[in-house]
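*Asks:* No letters, just coordinates:
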């Protein structure tokens with residue numbers, strides 16, 4: 001049985017969407033092992049497919065993150081017992097990140113010989129590889145014995161090659177496979193009401209209101225443009241007004257900013273994307289960022305961070321990278337896109353690009 005090991009299965013739709021897509025492609029049964037903290041809530045939406053059996057044992061306490069190898073060993077032992085409990089015999093394993101999931105897959109491979117593939121993501125690049133130098137020898141073995149090591153973006157390939165050559169040189173087979181967007185976004189992009197005429201002077205953000213997403217510097221950049229009388233509007237979708245104020249360090253929300261709570265209504269999100277010229281998300285760290293492609297599917301120009309997420313994927317005038325710490329750089333790039341692309345991205349360019357992200 002195809003088996004997934006994914007600590008983040010309930011935290012991101014990427015993993016469950018992949019499993020669901022595999023099911024539609026003919027994989028008749030899958031098993032997902034997703035160990036959780038003891039206080040974590042189950043995500044019933046991630047368990048909706050009848051051909052995918054999801055096990056979410058609550059085995060971690062908050063302090064276990066300070067003992068990364070202990071956490072991996074506890075997860076591995078629990079994985080073995082969970083397989084016995086559910087009477088699962090893996091025929092192939094997908095480990096959804098290098099350290100937390102890949103180590104469990106590698107240990108099981110050593111025990112049973114079952115092959116696995118491992119993905120390298122944001123937490124591996126920005127946390128585990130730099131912070132766990134004393135365990136890097138184990139990571140070398142994980143990628144050495146993997147059937148294939150998958151990177152989600154080109155920027156991370158270059159970073160591992162440059163900063164962790166011993167790990168990079170241990171990779172037996174490397175592949176870059178971008179995350180894919182949900183089929184509904186392809187359907188939404190074909191709707192005739194997608195606005196390819198002149199759009200509002202509006203910039204939009206969709207996502208959680210977290211410090212990593214850099215809403216503070218985004219807002220400072222837009223403020224600089226509005227202080228000279230540009231009249232830009234900003235729509236932020238994904239949290240409460242209190243969360244927005246907290247992460248932007250403001251005392252009140254400016255009159256030109258609209259905050260919309262987190263929503264699963266893609267039609268509502270698409271309406272705002274269609275009316276905006278630019279989507280902005282200069283995250284400090286980003287594995288890929290499906291929301292960039294979702295925004296592009298509705299004709300938005302994109303602002304993203306250098307050396308993160310989609311950097312290196314595109315060479316298009318309507319997609320610009322910025323230094324996430326440099327407010328002037330963000331402001332200048334937004335100004336250029338708003339001025340040069342008043343109608344957003346053309347339908348021809350949208351279709352040409354997003355067809356690669358099924």
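*Replies:* Done, it's in. Because the structure is predicted, anything quoted here is derived from the model rather than measured. Residues are numbered from 1 along each chain as shown.

*Asks:* use CA for all of it now, contacts and neighbours both
*Replies:* Will do.

*Asks:* who touches residue 316 in this structure?
*Replies:* Applying CA atoms under 8 Å, 6 or more residues apart in numbering to residue 316 gives no contacts.

*Asks:* One more: residue 105?
*Replies:* 5, 93-95, 116.

*Asks:* Check residue 225 too.
*Replies:* Taking CA under 8 Å, 6+ apart, we find residue 225 in contact with 232, 331, 335.

*Asks:* quick one: it from residue 344, how far?
*Replies:* Here the distance between residue 225 and residue 344 works out to 19 Å (CA to CA, to the nearest Å).

*Asks:* Spatially nearest residue to the residue nearest the centre of the chain, not counting backbone neighbours?
*Replies:* Ranked by distance to the mean C-alpha position of the chain (CA atoms, centre = their mean), the top residue is residue 289 at 4.1 Å. In space, not counting the residues next to it along the chain, residue 289 is nearest to residue 309; the distance is 5.8 Å by CA to CA, 6 or more residues apart in numbering.

*Asks:* what's the neighbour count on that neighbour?
*Replies:* Residue 309 has 27 neighbours, counted by other CA atoms under 10 Å.

*Asks:* Model confidence for it, exactly?
*Replies:* Reading off the confidence values, residue 309 has pLDDT 81.

*Asks:* now swap in residue 352 and tell me
*Replies:* With respect to pLDDT, residue 352 scores 87.

*Asks:* Doesn't it belong to a helix?
*Replies:* Yes: inclusion of residue 352 in a helix is indicated when DSSP: H, G, I helix; E, B strand; the rest coil is applied.

*Asks:* how about it, what does it touch?
*Replies:* For residue 352, no residue counts as a contact, taking CA under 8 Å, 6+ apart as the criterion.

*Asks:* That one and residue 116: what is the separation?
*Replies:* From residue 352 across to residue 116, the span is 33 Å (CA to CA).

*Asks:* how much distance is there from stretch 171-186 to the middle of the chain?
*Replies:* What separates the centre of stretch 171-186 from the centre of its chain is 11 Å, taken as CA atoms, centre = their mean, to the nearest Å.

*Asks:* How about residues contacting it?
*Replies:* Outside of stretch 171-186, the residues that reach it under the criterion CA under 8 Å, 6+ apart are 14, 17, 140, 143-154, 288, 290, 293-294, 297, 354, 357-358.

*Asks:* With distance to residue 313 and secondary structure added, can I get the contacts of residue 105 in a markdown table?
*Replies:* Supplementary listing: the contacts of residue 105 in a markdown table, determined by distance: CA to CA, whole Å; DSSP: H, G, I helix; E, B strand; the rest coil:
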| residue | distance to residue 313 | secondary structure |
| --- | --- | --- |
| 5 | 27 | strand |
| 93 | 27 | strand |
| 94 | 24 | strand |
| 95 | 24 | strand |
| 116 | 26 | strand |
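
*Asks:* Out of those, give me the one that has the most neighbours.
*Replies:* Greatest neighbour count in those, by other CA under 10 Å, goes to residue 95: 28 neighbours.

*Asks:* wouldn't it be in contact with residue 106 here?
*Replies:* No: Residue 95 sits out of contact with residue 106 when judged by CA atoms under 8 Å, with a separation of 9.1 Å.

*Asks:* List of residues touching the helix or strand in which residue 236 is found?
*Replies:* In this assignment (DSSP states H and E), residue 236 forms part of strand 233-237. Counting by CA under 8 Å, 6+ apart, strand 233-237 makes contact with 201-208, 256-263, 269, 272, all of which sit outside it.

*Asks:* please redo it, this time with the cut-off set to 6 Å
*Replies:* Residues from elsewhere that reach strand 233-237 (CA atoms under 6 Å, 6 or more residues apart in numbering): 202-206, 256-261.

*Asks:* of those, buried ones?
*Replies:* 202-206, 257, 259-260 (16 or more other CA atoms under 10 Å).

*Asks:* rewinding a little: and the two most separated of the contacts of residue 105?
*Replies:* When these are compared pair by pair using CA to CA, the two farthest from each other are 5 and 116, 10.1 Å apart.

*Asks:* a helix runs through residue 16, doesn't it?
*Replies:* Yes: per three-state DSSP, residue 16 lies within a helix segment.

*Asks:* any idea how far it is from residue 9?
*Replies:* Looking at residue 16 against residue 9, where the rule is CA to CA, the gap reads 6 Å.

*Asks:* So what does residue 55 look like in phi/psi?
*Replies:* The phi and psi torsions at residue 55 (degrees, to the nearest 10) take the values phi -110, psi 130.

*Asks:* what's the burial count for it?
*Replies:* Around residue 55 there are 17 other residues, counting by other CA under 10 Å.

*Asks:* Now do the helix or strand containing residue 330: distance to the chain's middle.
*Replies:* For residue 330, the host element (DSSP H and E) is helix 327-340. Taking CA atoms, centre = their mean, one finds helix 327-340 lying 24 Å from the centre of the chain it belongs to.

*Asks:* list the buried ones in that helix?
*Replies:* For helix 327-340, using 16+ other CA under 10 Å, the buried residues are 327-328, 330-331, 333-335, 337-338.

*Asks:* How about stretch 152-164?
*Replies:* 152-157, 160, 164.

*Asks:* Let me know the helix or strand that residue 204 is in.
*Replies:* Here residue 204, judged by DSSP H and E, is contained in strand 202-206.

*Asks:* That strand relative to strand 233-237, how many degrees between them?
*Replies:* Regarding strand 202-206 and strand 233-237, their directions subtend 10 degrees when assessed with axes from the mean of the first three to the mean of the last three CA atoms, to 10 degrees.
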